[in-house]
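Undergrad: predicted model and sequence follow; I will ask about them next.
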Amino acid sequence: MSPSTSAPVYRCLACHAGQPLHFAGWKCPVCSGLLDLDELPRFDPSLINQRDYSLWRYRHTFPLPVGVEAVTLGEGLTPLVPVPVDGRTVSFKLEFANPTGSFKDRGMTLVLTAIRAIGVTAALEDSSGNAGASFAGYAARAQVRASVYVPASASGPKLAQIAAYGADIHAIEGPRSNAAEAAQKAAAGGLYYASHVYNPLGLAGQATAAFEIWEQLGRLPESVILPVGNGTLLLGLQRGFRALVRAGLGARLPRLVGVQALACAPLWAQYHHGAEGLAKVTEGATLAEGIRVFRPARAEAILAAIRESDGTLLAVDEPAIEAGRAELARRGLYAELTAAIVWEALKHAPGDTVAILTGGGLKNAR
Ligand SMILES: [Zn+2]
């Protein structure tokens, strides 16, 4: 599937208007709806480039024209490590082995590839976390000028990483949402918004995690458990597993089990208690800072993906997050606190499971 430069790549979730790759907006220009990718990829095992040791081995599944040069740091093909846990074996996918230290690189390699392909030379993102670090790293690789909007209160290893890559950091006073608003204002002024949330190209990159799990296990697992904030990895996994099932490489979709911090668990509340569930939860502070997202833009799609896969959403309290990181570390897996949230949740997701460690322990200040 290699569209010509005029073929639609993006499709509006609300009015279904299509946009080509060179569309540089971040919302539907017709109705301001959220953009998704136009098509499910056609996965063909015979088209995997076995000599490419990065996620670009699945290039045939990407909605990019032939001949576009990849902006890559060798991301993907992360380890899948079987670990005994309470009498069964859980396979941990070590996403912190990606070039900037988190799963975000799967999406950013595609987003920056598109940015460079359409001739954009400056772009922005709002994130003081892994997405900001990944954006800044891939922008440096692409020689695209990067602006990153962060809350003025942000600090720690991720902010240092963003600065080291040479991004212009715009510190915005007030809550996290102020940084997002400032970024969107700058985007409205014409700067390309390389948002990990709004730009759906990242989902085509996240889908490669599903392809790798299938290649590394030689089959699809019963379930996949992962932290969920904005839900882009979960939506990418849905895209990848759907393509694998459609290609006849698995009988059914693995159950997608999303984990949230109890302190900020809007998706968990909506899934189990409907729309009124939102009234029962708050945007509380949590050790799992990477998934502290109270209004995920793609909430509806995330809930639908979980239902489609017969999965569920779980919520974990703060002491269990910290205990989870210690338990993982004692098995040689040094996870970011946000990622360690999967440990406690494993108790509620029995059977043949892959657990995704989205970021590494070095990402935390402690
Ligand atoms: Zn629209």
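TA: Okay, I see it.

Undergrad: quick one: the strands in the stretch 251-366 of the chain?
TA: Secondary structure of the stretch 251-366 of the chain (DSSP state E, counting those that start in this stretch): strands located at 255-261, 312-316, 353-357.

Undergrad: quick one, helices of the stretch 151-300 of the chain?
TA: With helices called from DSSP state H, counting those that start in this stretch, the stretch 151-300 of the chain shows them at 157-164, 176-188, 201-217, 232-246, 266-273, 299-308.

Undergrad: quick one, the fourth one and helix 299-308 angle?
TA: For helix 232-246 and helix 299-308, the angle between their directions (axes from the mean of the first three to the mean of the last three CA atoms, to 10 degrees) works out to 40 degrees.

Undergrad: in helix 232-246, what's buried?
TA: 232-245 (16 or more other CB atoms under 10 Å). All C-beta atoms are positioned from the backbone trio N, CA, C, and that covers glycine.

Undergrad: ok, L34 touching Y198?
TA: Yes: counting by CB atoms under 8 Å, Y198 is a contact partner of L34 at 7.0 Å.

Undergrad: overlap in contacts of the two?
TA: K27, A297 (CB atoms under 8 Å, 6 or more residues apart in numbering).

Undergrad: which ones are touching the closest residue to G18 other than its chain neighbours?
TA: Distances taken as CB to CB, 6 or more residues apart in numbering put P8 closest to G18, at 3.0 Å, once the chain neighbours are dropped. Going by CB under 8 Å, 6+ apart, P8 touches G18, Q19, P20, D38.

Undergrad: neighbours of the last one, how many?
TA: A count of neighbours around D38, defined by other CB atoms under 10 Å, yields 18.

Undergrad: next one: C28 from the ion, what distance?
TA: Per CB to the ion, to the nearest Å, C28 is found 3 Å from the ion.

Undergrad: A helix includes that residue, no?
TA: No: assigned with DSSP: H, G, I helix; E, B strand; the rest coil, C28 falls outside any helix and is coil.

Undergrad: how about the residues of the chain that lie near the ion?
TA: Proximity of the chain to the ion (CB under 5 Å from the ion) is limited to residues C12, A14, C15, A17, C28, V30, C31, G33.

Undergrad: quick one: buried ones out of these?
TA: When the residues of the chain next to the ion are checked against 16+ other CB under 10 Å, the ones flagged as buried are C12, C28, G33.

Undergrad: just give the closest residue to the last one, not the sequence neighbours.
TA: Ranked by CB to CB, 6+ apart and with sequence neighbours excluded, the top spatial neighbour of G33 is A14, at 3.1 Å.

Undergrad: so the one you found is in which element?
TA: Using DSSP states H and E, A14 falls within no helix or strand.

Undergrad: pull out the buried residues from stretch 141-150.
TA: R141, A142, V144, R145, A146, S147, V148, Y149, V150.

Undergrad: who's in contact with the first one?
TA: R141 is in contact with V71, T72, L73, L112, counting by CB under 8 Å, 6+ apart.

Undergrad: what about 10 Å?
TA: V71, T72, L73, P99, T100, M108, T109, L112, R116, Y165 (CB atoms under 10 Å, 6 or more residues apart in numbering).

Undergrad: the helix or strand hosting it to helix 232-246, inter-axis angle?
TA: Element membership of R141, judged by DSSP H and E, is helix 130-142. Between helix 130-142 and helix 232-246, the angle comes out at 80 degrees (the same axes, to 10 degrees).
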